[in-house]
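S.K.: sequence unknown, structure follows:
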Ligand code: KIV
Ligand code: ZN
């Protein structure tokens, strides 16, 4: 079975979200949880960016064993030296170096000629190789690059010793079919690409980061980069939990698997949200509070008869103890009877219609009917007739 490598960048790209700054203790706590989750690689900072980030990367590299620890750099020797220093206690260090490759970024941001960009990239990879075997190269804004130039720079960094090449959609502009074509282009046009691992790194500006990552995987990428809860710059990064569960639910069909302890997904999501202060929207796929709640009568009836009617994942698989049937004015008799049964009430056939009528009167006044409301309802009916 083909293995998909999970590269978590919650502590680097995720931390670049507006308003998030994590201290070393907070980063370490999340890193420990990522180990329980079983990610293959964790990118934990940009060590040259600040002394605090250096300390965080170094502390994590010292404590976290059995997993690849990665630091980000620009194609700048000093960055790479600092990154290597911060990773020196890691059992399995990776330096992730790179540079922008789109005409827009090269001309306006870097103010470099394309040939100079290739020179800087090759020099950076060679420099990083002096410290570590495992060097990943990122071609920033690859989606908006000229394809022949992209092929040339990727070939050059592979020749210089890169072991993974990251082909990002930095600004989240791609559609799934276009991003899939980009990865196929790299596979078919870059010399020696089959000697390295291709990585996909997508942003969510058009809400397509997960779909684009999956398209990249279908086109042959072996590593996916993302963050827990999809946190990250602007509209965020690919949500790792979404890609993991998309692959997990069809691993037999596509003969591809992730080495993830899915039962830790909910706990990881909660921890990242609590520590970063970024709330998870209730309707968020996989980890939103409503992801395993059933609200409408038709759905509740279906789920009570057979869970799979409206549940594609068992909640226990991601560490949520059970699904929930929420009682509201949208609920039907089946859900009401079921919950009353769970609370220990036996409802005879002839009781259900009048009981349901009382229930609806109450439900029209409240958003949700809680167990206490049901006890009152039953008391009223038992006592008052
Ligand atoms: O989005 C991006 O291009 C990045 C790179 C630095 C890997 O985050
Ligand atoms: Zn990014």
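M.R.: Done, it's in. Quick caveat, the model's predicted, so the values are computed rather than measured. Ligands and ions are numbered 1, 2, ... in the order given.

S.K.: how about the residues of the chain near ligand 1?
M.R.: 13, 138, 140, 166, 168, 170, 201, 203 (CB under 6 Å from any ligand atom). Using the backbone N, CA and C atoms, a C-beta is placed for each residue, glycine as well.

S.K.: rerun that using 5 Å as the cut-off
M.R.: Counting by CB under 5 Å from any ligand atom, the chain comes close to ligand 1 at 13, 138, 140, 168, 170.

S.K.: which of the residues you listed has the most neighbours?
M.R.: Tallying neighbours with other CB atoms under 10 Å puts residue 138 at the head of these, with 27 neighbours.

S.K.: Look up which helix or strand it falls in, please.
M.R.: strand 134-140 (DSSP states H and E).

S.K.: what is the mean pLDDT for that strand?
M.R.: Average pLDDT, strand 134-140: 99.

S.K.: Residue 87 and residue 278, how far apart?
M.R.: For residue 87, the distance to residue 278 equals 27 Å [CB to CB, to the nearest Å].

S.K.: Compare those two and say which one has the larger neighbour count.
M.R.: residue 87 (26 against 17).

S.K.: quick one: that one from residue 226, how far?
M.R.: 21 Å.

S.K.: can you check residue 94 too?
M.R.: When residue 94 is compared with residue 226 (using CB to CB), they lie 16 Å apart.

S.K.: more crowded one of the two?
M.R.: Remark: of residue 94 and residue 226, residue 226 carries more neighbours, 33 against 24, as counted by other CB under 10 Å.

S.K.: List the beta-bridge partners for that one.
M.R.: Residue 226 has these beta-bridge partners by DSSP bridges: residue 8.

S.K.: I'd say it and residue 237 touch.
M.R.: Yes: counting by CB atoms under 8 Å, residue 237 is a contact partner of residue 226 at 5.1 Å.

S.K.: On the three-state scheme, the nearest residue in space to residue 138 that is not next to it in sequence is what?
M.R.: Excluding the flanking residues, the one nearest residue 138 by CB to CB, 6 or more residues apart in numbering is residue 98, at 3.1 Å. What DSSP: H, G, I helix; E, B strand; the rest coil gives for residue 98 is strand.

S.K.: so what's residue 98 up against?
M.R.: Residues in contact with residue 98, defined by CB atoms under 8 Å, 6 or more residues apart in numbering, are 74, 75, 121, 124, 136, 137, 138, 139, 140, 166.

S.K.: Common neighbours of residue 226 and residue 237, please.
M.R.: 9, 201, 202, 209.

S.K.: In contact with the residue of the stretch 201-350 of the chain found nearest ligand 1: list those residues for me.
M.R.: In the stretch 201-350 of the chain, the residue that lies nearest ligand 1 is residue 201 (5.3 Å; CB to the nearest ligand atom). Taking CB under 8 Å, 6+ apart as the contact definition, residue 201 lies against 9, 138, 166, 167, 168, 169, 170, 225, 226, 237, 238.

S.K.: Check residue 279 too.
M.R.: residue 273.

S.K.: Next: residue 193.
M.R.: Applying CB under 8 Å, 6+ apart, the residues near residue 193 are 154, 158, 165, 186, 187.

S.K.: cool, residue 210 as well?
M.R.: 202, 204, 238, 239, 242, 243, 246, 285.

S.K.: what's the closest non-adjacent residue to residue 324?
M.R.: residue 293 (4.6 Å).

S.K.: Apologies, that question was intended for residue 66.
M.R.: residue 91 (7.0 Å).

S.K.: now residue 238
M.R.: residue 226 is the one closest to residue 238 (CB to CB, 6+ apart), at 3.5 Å.

S.K.: got the contact list for that neighbour?
M.R.: Per CB under 8 Å, 6+ apart, neighbours of residue 226: 7, 8, 9, 201, 202, 209, 213, 237, 238, 239, 240, 243.

S.K.: Take the residues you listed and keep only those in strands.
M.R.: Counting by DSSP state E, these place 7, 8, 201, 202 in strands.

S.K.: Can you tell me which of those is closest to residue 270?
M.R.: residue 8 (15.9 Å; CB to CB).

S.K.: what about the closest one, distance to residue 68?
M.R.: Taking CB to CB, one finds residue 8 at 10 Å from residue 68.

S.K.: Can you work out which residues contact both of those two?
M.R.: With CB under 8 Å, 6+ apart as the test, residue 8 and residue 68 both reach 41, 42.

S.K.: Counting neighbours, go ahead and name the busier of the two.
M.R.: Shown here are residue 8 and residue 68; by other CB under 10 Å, residue 8 has more neighbours (27 against 20).

S.K.: So that one is in contact with residue 35, correct?
M.R.: No: Residue 8 is not in contact with residue 35 according to CB under 8 Å; the separation is 10.3 Å.

S.K.: Now do the contacts for the residue nearest the centre of the chain.
M.R.: Taking CA atoms, centre = their mean, the centroid of the chain lies closest to residue 240, which sits 1.9 Å from it. When contacts are counted by CB under 8 Å, 6+ apart, residue 240 touches 6, 8, 10, 39, 224, 226, 227, 228.
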